[in-house]
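Colleague: Need coordinates for the following:
(chains A and B)
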Amino acid sequence: MIIFNQANTERVEYMLEKLEIRGYTWWKDVMGQGSETGEPRMGTHTWPEMNSAAITMIPDEKVDILLEAVKRLDEINKEVGVRAFVWNIERTV
Amino acid sequence: MSIYKSAVNKPITTLMIFTAVVVMGIYSLVQIPVDLYPEMDPPFISVMTTYPGANASDIETNVTKTIEDALNSVDNLKEITSTSSDNLSVINLEFEWGSNLDEATNDIRDAVDLVIDVLPEETERPQIFKFNTSMMPIVFYAVTADESYPGLEKILDEKIINPLNRIEGIGSIGIMGAPNRVIYVEADPYKLEAHNLTIEQIGNTIASENMNLPSGNVKMGKLDYQLRIQGEFNTSSRIKDLVVGNLAGKPVYVRDVATVRDSIKDLSLDEKINGETGLRLFVMKQSGANTMKVAREVRANMVDLQKELPPDVKINLIMDTSEFIEGSINNLSQTLMWALLFVMLVVLFFLGRWRATFIIVLTIPISLIVAFLFLFITGSSINVISLTSLSIAIGMVVDDAIVVLENITRHVERGATPREAAIYATNEVWLAVIITTLVVVAVFFPLTLVGGMTGVIFNQLGWIVTITVVTSTLAAISLTPMLSSKFLKLRERKKKAPALSYERTIERGLGALDNFYERTLRWVLRHKVFTLLAALIIFVGSIFLLQFISTDFMPETDESRITAEVELQTGTRVEETIKTTRYLEDVIQEKFPEVEIMAASSGSDDEGGMFSLFTTTGSNMINFMMRLSDIEDRERSVWEVADGLRQEIAALPEVVNFSVETAGQGLGGTSNTVDVEIYGYDFDVTNELAEEFRMKMENVPGAIDVQVSRKNDKPELQFVLDRDKLALHGLTTAQVSTNIRNRISGMVASQYKEEGEEYDIRVRLKEEFRNSTTEIEELSMVTPAGTRVRLKELGEVKEYWSPPNIEHKRRERIVTVSAKPDRIALGELANRINSEIEDIEIPQEVLINVGGAYEDQQESFMDLGLLMVISLILVFIVMASQFESFAMPFVIMFSIPFAFTGVILALFITNTTLSLVAALGAVLLIGIVVKNGIVLIDFTNLMRDRGIELYEAIAISGKSRLRPVLMTAATTILGMLPLALSTGEGAEIWRPMGITVIGGLLFSTLVTMVIVPVMYGLLAHHGERNKKDTVKKQFRFMNGLEPKN
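Modeller: Coordinates of the predicted model:
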């Protein structure tokens, strides 16, 4: 699960493509704010920016690479903001 | 899919759409005619009727009154005025603005048709003139000639007028003061009597000899011939050999009793150009034609045509209205260019980046070009008003682009790719951008709804600014993001910038300014009461200054033209008038080297003609028309020259009255006068009153050119008939008057034809037999019984006085005493006159009214006041809905009074009068000033919502918004600066607007940046605390559950 500022959309798309991650589900325009420093992304007049979120099921060996990529992306500019969360898939059909 | 997203994703489509707009705009630009003012259809229609030989009171009772009564029922009629003068009745009808004049013309024609049979027989058919600004002559030429003078009219007709008429767009070409060829048959009354002949017999003989008659067909052999009798004279000398009678079996020829002169008409109008004999030629364009183009072609053609003329005929340009237009337009175009340059520099100064500057400045031409497209579609012209509107708009159209670009840059600097930054950053601000535009539109759009004469000006201004600003907003949310996505790059911060780089110089200065402002803000927030009091004192102080500013209607312009009208003692012979003219000409040539060309006409053309509508003529009148050298080439202004001229004319003892005017074509032809109107039937009472007013008004300081509209009575001779004697001789009044008329004025017996032209053959007595009362009484006529009687047997000649012109307004006799302001405002003059004439006793049957341009002025200021109220309400509505609050608009609108303070200060310092244009500038300020406040308050609200403490929020947002506010204000101010500083032709009209807007904006920007935050601090303080409590009450279930830390 990657949640990122919409301003990073293209970079995330490129990242997924480069890491050969084909399957994902994408939510446009999601709201939220960081637990500690992250500015709210509300799409309102006060906080005009918005996040998007992508969830993707990937094999374990790709997880680290993806997390590294997200970290690098975040380091370009901390303010813009991108986060990734990993959890297990129990079952699927 | 939002507009900015589509634009960024389809850059080529976007570019193509804007290219299409620009191409169409440029096409329109080439096609649009150029003119001084927008075409106005002033709702004036005149009905002109000539009744040759009748005096003013005859005309009044027989012609004017009849037609006036008939016309009074025409629909939409606002006011009816008329002038009855010798030979001529002119009725002017004023309609409500916006009424259908074609319909009105038809109504008038119907009404006139109804009474046409009631009018005296000799009156000519009333002519109906519909006024239009395009009917005013656009080019005046002076034609001088020596030996060719007698035939000048024909030469001009063939060599100049006919070829010129072929130019597209020419309405008509007229000649003033042309010598007319007439063939006089002048009889000796004693010889007539000796041969037992009368004038009428000679006339009838000439008429019956000078004709061609078809006499039927003759069939001969196989052919059918037409038989004709060709009796028309082929030379004028044939007339003297006609047989008019028999005496003692011998034929009597015309030459035996009369002399035949083929010559030019008796002198009644004398035209001199720079002191040489000549005439004036004037060109009028068709409605809707391009003045500049027509004038240019006329001038170009004239150069060629002149070569065809005899060497002694010289043609000189006296006046070319297109010169003034060209000057004004060029001047304004330059103004526009300077404004563009200034705006560009401002943007570059604040942003310090070439690419960003380019993107922003690009919105200027696009928005302006769309305005041309609008002009083209609505069929308007490029004129002073549309160009001025553009220079007003030029500083405002970049604002939206600045806001958008600034936000995109912020995103790019935070590391977003330009493409994404363009989309998301625009998404963040597009609403705010549209709202600030709406505020401007709220002020300018009501202008399009104003009616009347001022409406013509305001409508165009309103439309153009609205359209350009809306276009600029559209461009700002489509083209600007698109270009930013392509051109903006993340700029690496240089570690060590060179000493003179942008970062080390301007950037630093701006940073220091930001900090200084933040400190100031924090200080005033701690001293709110003091700040507000200081502001109040400044505002009240400026209101106090207001009394030193005088009001005015329209600023006068230096058009390098002077016209003067000089009136001598009524009844003066033309020959005497001419002497004065010659003297004045010498004086002018000697003392006023600025005068380049001067045309003087003395006397009047007894046929009246179209020109009588514009000038007063009479044997005692002199009309001067002068053109001065260009403004740059002379030291004295047109007003100084006019003043000097006034003194020179006033020094002449024979001059009874005169006026010197400097304005050729004001807006809608309004003259700047205060008129005191005296209504009343009795000539003696009203004359006396008018004289009293005139004396009082001449003593009013600041009043010049005091004029009484009714000229002095002029002497006239009346032949009083004895009806008993008439009956005795079997004569009627009509017969006697026709007989006298034939003998003195002459009987037009027939027309002599030569080369397609017709010339009158006029039979009358020789001058020496009709130039004294005795001679007139000696005139004889034949009674029906065949005997001869002398006039003195039928009555006697008496001398009377009669008014030369009788004016009506609302069908009542009126005299107006008018005065022009001299370096004081019109409103002030009206007040002074009002108080001066207060104590004059007015007879009961007389009504007094003070009006004139002063009336229009008050009406227009009322309109403007209303406009201001509407604008304020609309601006409030827009802001209240944007902030979803009633308090915020008030905080922002607090800056408006200070804008007016700035206006007053600016007017005071530059010593400008508060004219209509200046007042308009003040109204426009509302929209411009409020914009600053919105930017500031919006951001402060944002900070507050983000949870920052009130004063901190105010200080931070102040610091952060200082640059955008300064930038938009600076672009608007500098965009207007060229307008305020221009000195060229026509600049006088618009300078006040530049001055007011700059003054108001400058001052209000400074004050706004302090007062608005303070007001915000005051108002938001309480509201916010209450809000927290209410929320707490609403969600009571959470009480006691808050985390404790």
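Colleague: Select the helix or strand of chain B having the lowest average pLDDT value.
Modeller: strand B:269-273 (a mean of 72; mean pLDDT, DSSP states H and E).
Colleague: Tell me which helix or strand the residue of the stretch 701-850 of chain B found nearest chain A sits in.
Modeller: Of all residues in the stretch 701-850 of chain B, residue B:827 sits closest to chain A, with a separation of 47.6 Å (C-beta to the nearest C-beta). Backbone N, C-alpha and C define where each C-beta goes, glycine included. Using DSSP states H and E, residue B:827 falls within helix B:826-837.
Colleague: Okay, now the sheet partners of the helix or strand sitting right after that helix along the chain, with direction.
Modeller: Once the chain leaves helix B:826-837, the next helix or strand it forms, by DSSP H and E, is strand B:847-852. Strand B:847-852 has the following strand partners under DSSP bridges: strand B:674-679 (antiparallel).
Colleague: right, and the residue of the stretch 701-850 of chain B closest to chain A touches residue B:856 too?
Modeller: No. Contact criterion C-beta atoms under 8 Å: residue B:827 and residue B:856 do not qualify, at 11.5 Å.
Colleague: Now the longest helix along chain A: buried residues?
Modeller: In terms of residue count, the longest helix belonging to chain A (DSSP state H) is helix A:60-76. Neighbour counts using 16 or more other C-beta atoms under 10 Å in any protein chain shown place A:66, A:69, A:70, A:73, A:74 of helix A:60-76 among the buried residues.
Colleague: among the residues you listed, which are in reach of chain B?
Modeller: For chain B, no contacts are drawn from these by C-beta under 8 Å from any C-beta of the partner chain.
Colleague: closest to residue B:292 among the residues you listed?
Modeller: residue A:73 (63.0 Å; C-beta to C-beta).
Colleague: quick one: the closest one and residue A:5, what's the gap?
Modeller: To residue A:5, residue A:73 is 10 Å away according to C-beta to C-beta, to the nearest Å.
Colleague: shared neighbours, those two?
Modeller: Shared contacts of residue A:73 and residue A:5 (C-beta atoms under 8 Å, 6 or more residues apart in numbering or on different chains): residue A:82.
Colleague: Close to chain A: what parts of the stretch 801-950 of chain B are there?
Modeller: Taking C-beta under 8 Å from any C-beta, the part of the stretch 801-950 of chain B that reaches chain A is made up of B:941, B:942, B:945, B:946.
Colleague: one more time with 7 Å, if that's ok
Modeller: Within the stretch 801-950 of chain B, the positions lying close to chain A (C-beta under 7 Å from any C-beta of the partner chain) are B:942, B:945, B:946.
Colleague: And the pLDDT for the last one?
Modeller: Just to be clear, that refers to residue B:946. pLDDT recorded at residue B:946 is 78.
Colleague: was I right about it contacting residue A:44?
Modeller: No. Taking C-beta atoms under 7 Å as the definition, residue B:946 is not a contact partner of residue A:44, at 10.6 Å.
Colleague: For stretch B:879-891, give the mean pLDDT please.
Modeller: On average, stretch B:879-891 scores 84.
Colleague: What's the local residue count around residue 88?
Modeller: Here I'm looking at chain A. Counted by other C-beta atoms under 10 Å in any protein chain shown, the residues lying close to residue A:88 total 5.
Colleague: could you do chain B instead?
Modeller: Residue B:88 has 26 nearby residues by other C-beta under 10 Å.
Colleague: now swap in residue B:388 and tell me
Modeller: Residue B:388, neighbours per other C-beta under 10 Å, totals 25.
Colleague: residues touching the closest residue to it other than its chain neighbours, list them.
Modeller: Among residues not flanking residue B:388 along the chain, residue B:990 sits closest, at 5.0 Å (C-beta to C-beta, 6 or more residues apart in numbering or on different chains). Residues counted as contacts of residue B:990 (C-beta atoms under 7 Å, 6 or more residues apart in numbering or on different chains) are B:388, B:917, B:979.
Colleague: again with residue B:364
Modeller: With C-beta under 7 Å, 6+ apart, residue B:364 has these contacts: B:340, B:343, B:394, B:397, B:398.
Colleague: Show me where the stretch 251-400 of chain B dips below the pLDDT cut-off.
Modeller: B:266-269, B:288 (pLDDT under 70).
Colleague: by contact count, what packs against the helix or strand hosting residue B:872?
Modeller: Using DSSP H and E, the element containing residue B:872 is helix B:853-883. Contacts defined by 3 or more C-beta pairs under 7 Å, 6 or more residues apart in numbering or on different chains; DSSP states H and E place helix B:853-883 against helix B:418-444, helix B:826-837, helix B:887-893, helix B:916-945.
Colleague: and the angle for it with helix B:826-837?
Modeller: With axes from the mean of the first three to the mean of the last three C-alpha atoms, to 10 degrees as the basis, helix B:853-883 and helix B:826-837 are set at 130 degrees to each other.
Colleague: relative to helix B:418-444, how tilted is helix B:853-883?
Modeller: 140 degrees.
Colleague: one step back: mind putting the buried residues of helix A:60-76 in JSON lines, pLDDT and distance to residue B:48 included?
Modeller: Shown next, in JSON lines, are the buried residues of helix A:60-76 (pLDDT from 0 to 100; distance: C-beta to C-beta, whole Å):
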{"residue": "A:66", "pLDDT": "90", "distance to residue B:48": "94"}
{"residue": "A:69", "pLDDT": "90", "distance to residue B:48": "91"}
{"residue": "A:70", "pLDDT": "90", "distance to residue B:48": "91"}
{"residue": "A:73", "pLDDT": "87", "distance to residue B:48": "87"}
{"residue": "A:74", "pLDDT": "86", "distance to residue B:48": "88"}
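Colleague: Selection in ChimeraX covering whichever of the residues of the stretch 801-950 of chain B next to chain A are buried, please.
Modeller: Listed next is the ChimeraX selection for buried residues among these, using 16+ other C-beta under 10 Å:
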select /B:942
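Colleague: quick check, nearest of the residues of the stretch 801-950 of chain B next to chain A to chain A?
Modeller: Ranked by distance to chain A (C-beta to the nearest C-beta), these are led by residue B:945 at 3.8 Å.
Colleague: Let me see the contact set for that closest one.
Modeller: Each residue near residue B:945 by C-beta under 7 Å, 6+ apart is listed here: residue A:46.
Colleague: how does it look with 10 Å?
Modeller: By C-beta atoms under 10 Å, 6 or more residues apart in numbering or on different chains, the residues touching residue B:945 are A:40, A:42, A:44, A:45, A:46, A:47, B:953.
Colleague: So which residues of the stretch 601-750 of chain B form strands?
Modeller: Here the stretch 601-750 of chain B has its strands, by DSSP state E, counting those that start in this stretch, at B:621-628, B:655-661, B:674-679, B:703-708, B:714-721, B:747-754.
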